[in-house]
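S.K.: One predicted model, sequence on top.
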Amino acid sequence: MTPVGVLGAGAFGTALAISMARQGPVTLWARDAGHARDMARTRENPARLPGARLPDALTPAADIAALAGCGPILLAVPMQRLRQVLADHRDRLAGHPLVACCKGIELQTGLGPLAVIAQVLPGATAALLTGPSFAADIARGLPTALTLACADADAGRALQARLSTANLRLYRSTDTLGAELGGALKNVIAIACGAVIGAGLGDSARAALMTRGYAEMQRLALARGARPETLAGLSGFGDLALTCTSELSRNYRLGLALGRGEGFDPAITVEGAATARAVAGADHGVDLPITDCVVGLLDGTLSMSGATETLLARPLKEE
């Protein structure tokens, strides 16, 4: 069986590599040679995914050439670094099906991961793996279901068959835009929900905000041409439900810190912060009151009480 390649040895990349190595060979690329050697020696990734054992079929590597013998390559890197990683390794990645595993919108361009891949590697077979998934759960072998979005239906079927595992059930979609936007926008709503709980506004307020946040996600996604059923699926509603209710979500934890008036480690990647700014800074012709409040909280131009007042004072209307 041709190995699956995973580019990026953070928590999520390692978890995906562990899951897929339970059924076949996997090469996991880490940009730091010392990190790759430590994983090969200890069969763990303690800094990123403590307690998860690396299967024997998983081979850590620091030389990008190790991915040459792989079939599909999963791109498990932060959204805001994706373009540079693709450009740095363009020649090595050419010819491989590329599966983006990041959720977000590029701050400088407003593009999602598949659009970035298309710009850097025109003609590449590209797909997106997204949905409700925490790295720790996947690494432990706990079950979940994800969306595999690929514009090429035949390529999507082949990738679905190759990448599905005993604990990862993949559902196909050709609505790549809807899958991109669902995975990106739910992070913004998760920050807002974390802020609500951090400020002590209660579970009822969080439920209301999740619901209105979902409506906001739909307004923007449908205005840009996504299909409504995609937002109602795993990549939209499913991921929203997970990310808005668990402290395992970095976006939710950032929101908690904002609601409590506490600092947050800037070294932690929080995709929803960049996505909120990218969306709020673009002219979509769509009303995005929750996103605007999140940007205000992030930038310090709006207090938690001010955000609450802003949302509650909006004109009354039909649902």
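M.R.: Nice, thanks for sending it over.

S.K.: pLDDT of stretch 233-240, averaged?
M.R.: For stretch 233-240, the mean pLDDT works out to 98.

S.K.: May I have the distance across that stretch, first residue to last?
M.R.: Stretch 233-240 has an end-to-end distance of 10 Å (criterion: Cα to Cα, to the nearest Å).

S.K.: next structured bit after the longest helix seen in the chain?
M.R.: Counting residues, the longest helix in the chain under DSSP state H turns out to be helix 176-198. Helices and strands here follow DSSP states H and E; after helix 176-198, the next one along the chain is helix 203-223.

S.K.: orientation of that next one relative to helix 176-198 in degrees?
M.R.: Calculated by axes from the mean of the first three to the mean of the last three Cα atoms, to 10 degrees, helix 203-223 forms an angle of 160 degrees with helix 176-198.

S.K.: List the buried residues of helix 203-223.
M.R.: Across helix 203-223, burial judged by 16 or more other Cβ atoms under 10 Å covers 205-206, 209-210, 212-214, 216-222. Backbone N, C-alpha and C define where each C-beta goes, glycine included.

S.K.: Outside of that helix itself, which residues are in contact with it?
M.R.: Outside of helix 203-223, the residues within contact range by Cβ atoms under 8 Å, 6 or more residues apart in numbering are 177-178, 181-182, 185-186, 188-189, 192-193, 196-197, 228, 230-231, 236-237, 240-241, 244-245, 279, 284-291.

S.K.: could you pull out the strands for the chain?
M.R.: Ranges of strands in the chain, per DSSP state E, are 4-7, 26-29, 44-45, 49-53, 58-61, 73-75, 98-100, 126-130, 144-149, 168-173.

S.K.: Dump the ones you listed to TSV, plus distance to Q160 and mean pLDDT.
M.R.: Shown next, in TSV, are the strands of the chain (distance: least, Cβ to Cβ, whole Å; pLDDT from 0 to 100):
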stretch	distance to Q160	mean pLDDT
strand 4-7	13	98
strand 26-29	17	98
strand 44-45	27	96
strand 49-53	25	95
strand 58-61	21	98
strand 73-75	14	98
strand 98-100	11	98
strand 126-130	9	98
strand 144-149	5	98
strand 168-173	5	98
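
S.K.: Could you report the pLDDT at the one residue sitting closest to the centre of the chain?
M.R.: Centroid-nearest residue in the chain, with Cα atoms, centre = their mean: K103, separated by 2.7 Å. K103 is assigned a predicted lDDT (pLDDT) of 96.

S.K.: how much space between it and L297?
M.R.: 20 Å (Cβ to Cβ, to the nearest Å).

S.K.: Equivalent analysis for N251, please.
M.R.: For N251, the distance to L297 - Cβ to Cβ - is 13 Å.

S.K.: swap in T176?
M.R.: From T176 to L297 the distance is 30 Å (Cβ to Cβ).

S.K.: can you tell me which residues contact A139?
M.R.: Listed by Cβ under 8 Å, 6+ apart, the contact set of A139 reads T14, A15, I18, S19, L49, A52.

S.K.: 6 Å instead, please
M.R.: Counting by Cβ atoms under 6 Å, 6 or more residues apart in numbering, A139 touches A15, I18, L49, A52.

S.K.: And the first one, how far from D32?
M.R.: Spatial separation of A15 from D32 under the definition Cβ to Cβ is 18 Å.

S.K.: which one of those two has more residues nearby?
M.R.: More crowded of A15 and D32, by other Cβ atoms under 10 Å: A15, with 26 against 10.

S.K.: which residues does that one contact?
M.R.: A135, I138, A139.

S.K.: Go through the residues you listed and say which is closest to P315.
M.R.: Proximity of the contacts of A15 to P315 was ranked by Cβ to Cβ; the top entry is A135 with 41.6 Å.

S.K.: what's the spacing between that closest one and S164?
M.R.: Counting by Cβ to Cβ - A135 and S164 are separated by 18 Å.

S.K.: R37 now?
M.R.: Counting by Cβ to Cβ, the gap from R37 to S164 is 31 Å.

S.K.: quick one: which of the two has more around it?
M.R.: S164 (18 against 14).

S.K.: pLDDT wise, what is that one at?
M.R.: At S164, pLDDT is 97.

S.K.: what number of residues lie near the nearest residue to it once chain neighbours are set aside?
M.R.: Nearest non-adjacent residue to S164, counting by Cβ to Cβ, 6 or more residues apart in numbering: L170, 4.7 Å away. If you count neighbours by other Cβ under 10 Å, L170 ends up with 20.

S.K.: pretty sure L170 is touching A158, no?
M.R.: No: using Cβ atoms under 6 Å, L170 is not in contact with A158; the gap is 11.7 Å.

S.K.: can you list the domain ranges for the chain.
M.R.: 4-174, 185-313 (the TED database).

S.K.: Quick one: end-to-end length of the first one, please.
M.R.: Which is domain 4-174. Length of domain 4-174, first residue to last, Cα to Cα: 22 Å.

S.K.: Show me how far that domain is from its chain's centre.
M.R.: Chain-centre distance of domain 4-174: 11 Å, with Cα atoms, centre = their mean, to the nearest Å.
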